[in-house]
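# Sequence below, structure please.
(4 chains)
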2 protein chains.
Amino acid sequence: MEIQGLPGRVLGELGPAIASGEIPEGAVLRGEELEERFGVSRTVVREAVRVLEGMRMVASRRRVGITVQPKSLWDVFDPMVIRWRLAGADRSAQLRSLGSLRMAVEPAAAALAALHASDDDRRELSSLAVELTVTARAADLTAFLGHDIAFHSLVLRASGNEMFAHLGDTVGAVLTGRTEYQLMPHQPEPYAIRLHREVADAICAGDAVQAERAMRTIVTGALAELEQQLG
Amino acid sequence: MEIQGLPGRVLGELGPAIASGEIPEGAVLRGEELEERFGVSRTVVREAVRVLEGMRMVASRRRVGITVQPKSLWDVFDPMVIRWRLAGADRSAQLRSLGSLRMAVEPAAAALAALHASDDDRRELSSLAVELTVTARAADLTAFLGHDIAFHSLVLRASGNEMFAHLGDTVGAVLTGRTEYQLMPHQPEPYAIRLHREVADAICAGDAVQAERAMRTIVTGALAELEQQLG
DNA sequence: ACAGCCAAAAAGTATGACGATTTGGTTTCC
DNA sequence: GGAAACCAAATCGTCATACTTTTTGGCTGT
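Alright, predicted model coming up:
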């Protein structure tokens, strides 16, 4: 699901370098310089740069070169940008932003899911809530992470809103990042587990208000925990 | 703020054609075909296609061609994709999705703005609320639209969350679309105007709860109106 | 000091050649 | 007759090169 070939390789190095600030805002690169740096042809560099231009991270101007745009212009919703920022120096800022976004979106998605979810989705959700409980008790963090991601993604998808659905991967990246960087308790909180169960039950019962409330409690807790960890 | 040159022109025709469904999911294009269709060289076609690939609208495979990806894979948060869909056959679906997104994000943004807005932002917000009232009374729809966009963008920006801030343009596109396509009352509702004022006052007073409530009422109303208009 | 012009620098575009990979048919061998 | 191996064509991928266009900054002349 990544861009392939040499342009993909260039993108995969240049993107993170810019996202991390290693190549700072306002820096000017020349195409030829990039050709040498990556040992590829003009064609390849240009295609990679075009993609970066598409996400507003750089702008190319004749007689000047390729300018790194100010961060405020970047397409911060682009999954690549999010991944690059999560992997680099901007991690905390990115996690904070995403935390607020989850805070806004996930409760709304849970409410919509209670109204629109298919029977299959409801069943799957219930089953995931159970597995979540099991893996949490077993303190199997890897399996727990997988089920947690599946749970939140499913709620977002079941909301019936394509834009919410697309945030599934992003939320997944957040949860993964938080586990990887030790930003969560070693043992998942029993209280949080219970809340996941409540969300599932409420969605199954078609209770939008309750689903929204329980989900809000989950993401509020997650955000609070994050703030505490990040200081 | 658009991609320039020939690739930009190709993108500007090909993107909308795909977004509108004129070139349907699963369709396979050949590079050479596009060269002829647009009268440009390989270089140009390839760069445009790469950008589309970056937004996951197409995938290019050897010996096969350039395949239009299913809509569910597209980067639905990409501003270009949003614009193209708003301009084409998908308009209603896109407006609905964006409506739910606003419903989730704007109240949260208003609450954050009440906590984090700068003094300048608060002043500007107050002033915009006044101008909104004036232009609404004068039934000057164009000026009203401008102020409405500025108001909502400012709240999103003042939230202090970069991701919320980036939705400003998108919300602007929604409001513009709704005015252009006659999806709103000819005379702005006095009640809605009053609510904008309440949002501004609450943010100025640092009252997050009240700001969130008033903003929620605004977007709930907007969404209800939209659903009614779209049937 | 100012205006206008000119030249260099960098990206933009076009084109031809070749490489790599995938697909689908064809042949060959059981 | 079927299956496996092979081969050839189609198409994208990459490179190198030549030429064009735009922009900028300096130079020149008044």
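# Can you classify the residue lying farthest from the centre of chain A by secondary structure?
Ranked by distance from the centre of chain A (CA atoms, centre = their mean), the top residue is A:R63, with 37.2 Å. Classification of A:R63 using DSSP: H, G, I helix; E, B strand; the rest coil returns coil.
# Check it and give its pLDDT.
Each residue has a pLDDT score; the one for A:R63 is 94.
# before we move on, what about A:L183?
pLDDT at A:L183 comes out at 60.
# can you check A:G5 too?
At A:G5, pLDDT is 89.
# What's the local residue count around it?
A:G5 sits with 15 neighbouring residues when counted by other CB atoms under 10 Å in any protein chain shown. C-beta here means a position set from N, CA and C on the backbone, and glycine is covered the same way.
# OK, contacts around it?
By CB atoms under 8 Å, 6 or more residues apart in numbering or on different chains, A:G5 lies in contact with A:V44.
# distance of the residue farthest from the centre of chain A from chain B?
For A:R63, the distance to chain B equals 14 Å [CB to the nearest CB, to the nearest Å].
# got the CA coordinates for the host helix or strand of A:I203 in PDB?
Following DSSP states H and E, one finds A:I203 within helix A:190-205. Extracted in PDB, the C-alpha atoms of helix A:190-205 (Å, rounded to 0.1, in the frame of the first residue of the first chain):
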ATOM      1  CA  PRO A 190      -9.600  -3.000  33.700                       C
ATOM      2  CA  TYR A 191     -11.700   0.100  33.700                       C
ATOM      3  CA  ALA A 192     -10.900   0.900  30.100                       C
ATOM      4  CA  ILE A 193     -11.600  -2.700  29.100                       C
ATOM      5  CA  ARG A 194     -15.000  -2.400  30.700                       C
ATOM      6  CA  LEU A 195     -15.700   0.700  28.800                       C
ATOM      7  CA  HIS A 196     -14.900  -1.000  25.500                       C
ATOM      8  CA  ARG A 197     -17.400  -3.600  26.400                       C
ATOM      9  CA  GLU A 198     -20.000  -0.900  27.200                       C
ATOM     10  CA  VAL A 199     -19.400   0.700  23.800                       C
ATOM     11  CA  ALA A 200     -19.900  -2.700  22.100                       C
ATOM     12  CA  ASP A 201     -23.100  -3.400  24.100                       C
ATOM     13  CA  ALA A 202     -24.500   0.100  23.400                       C
ATOM     14  CA  ILE A 203     -23.800  -0.200  19.700                       C
ATOM     15  CA  CYS A 204     -25.400  -3.600  19.600                       C
ATOM     16  CA  ALA A 205     -28.400  -2.300  21.500                       C
END
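# what mean pLDDT does it have?
95.
# Distance from stretch A:3-18 to the middle of the chain?
The chain centre lies 19 Å from the centre of stretch A:3-18; the measure is CA atoms, centre = their mean, to the nearest Å.
# does any part of it sit near DNA strand D?
Yes: judged by CB under 7 Å from any atom of the strand, stretch A:3-18 comes into contact with DNA strand D through A:Q4, A:G5, A:L6, A:P7.
# Could you confirm whether that stretch reaches DNA strand C?
No: judged by CB under 7 Å from any atom of the strand, stretch A:3-18 stays clear of DNA strand C, getting no closer than 8.9 Å.
# in that stretch, what counts as buried?
Neighbour-count burial for stretch A:3-18, counted by 16 or more other CB atoms under 10 Å in any protein chain shown, picks out A:I3, A:L6, A:P7, A:G8, A:V10, A:L11, A:L14, A:G15, A:P16, A:I18.
# From those residues, which land in helices?
Those of these mapping onto helices are A:L6, A:P7, A:G8, A:V10, A:L11, A:L14, A:G15, A:P16, A:I18, per DSSP state H.
# which one of those is nearest chain B?
Nearest to chain B among these: A:P7, at 6.5 Å, using CB to the nearest CB.
# which residues does the spatially most central residue of chain A contact?
Geometric centre of chain A, nearest residue: A:T170, 2.1 Å, by CA atoms, centre = their mean. A:T170 makes contacts with A:P79, A:I82, A:L98, as judged by CB under 8 Å, 6+ apart.
# mind running it again at 6 Å?
By CB atoms under 6 Å, 6 or more residues apart in numbering or on different chains, A:T170 lies in contact with A:I82.
# Same question for A:L6.
Per CB under 6 Å, 6+ apart, neighbours of A:L6: A:V40, A:V44.
# is the longest helix seen in chain A up against chain B anywhere?
Under DSSP H, the helix in chain A containing the largest number of residues is helix A:91-116. Yes: Helix A:91-116 is in contact with chain B by CB under 6 Å from any CB of the partner chain, via A:S97, A:S100, A:L101, A:A104, A:V105, A:A108.
# Who's the closest spatial neighbour of the second one, skipping the chain neighbours?
Closest residue to A:S100 apart from its sequence neighbours, by CB to CB, 6 or more residues apart in numbering or on different chains: B:N161 at 4.8 Å.
# and the one you found, how many residues sit next to it?
Neighbour count for B:N161, taken as other CB under 10 Å: 26.
# Kindly report the same for A:E180.
12.
# for A:A139, same thing?
11.
# From DNA strand C, how far out is it?
Separation of A:A139 from DNA strand C (CB to the nearest atom of the strand, to the nearest Å) stands at 41 Å.
# can you confirm that residue is in a helix?
No: assessed with three-state DSSP, A:A139 is coil; it does not lie in a helix.
# That one and B:E13: what is the separation?
For A:A139, the distance to B:E13 equals 56 Å [CB to CB, to the nearest Å].
# Also A:R91?
Using CB to CB, A:R91 is found at 39 Å from B:E13.
# sorry, back to before: next up, phi/psi of the residue nearest to A:S100, please.
phi -100, psi 120 (degrees, to the nearest 10).
# so A:E25 sits right up against A:V68, yeah?
Yes: with contact defined as CB atoms under 6 Å, A:E25 counts as touching A:V68 (5.5 Å).
# what about those two, which has more around it?
A:V68 (21 against 15).
# List the beta-bridge partners for that one.
A:V58 (DSSP bridges).
# Distance check, it against DNA strand D.
16 Å.
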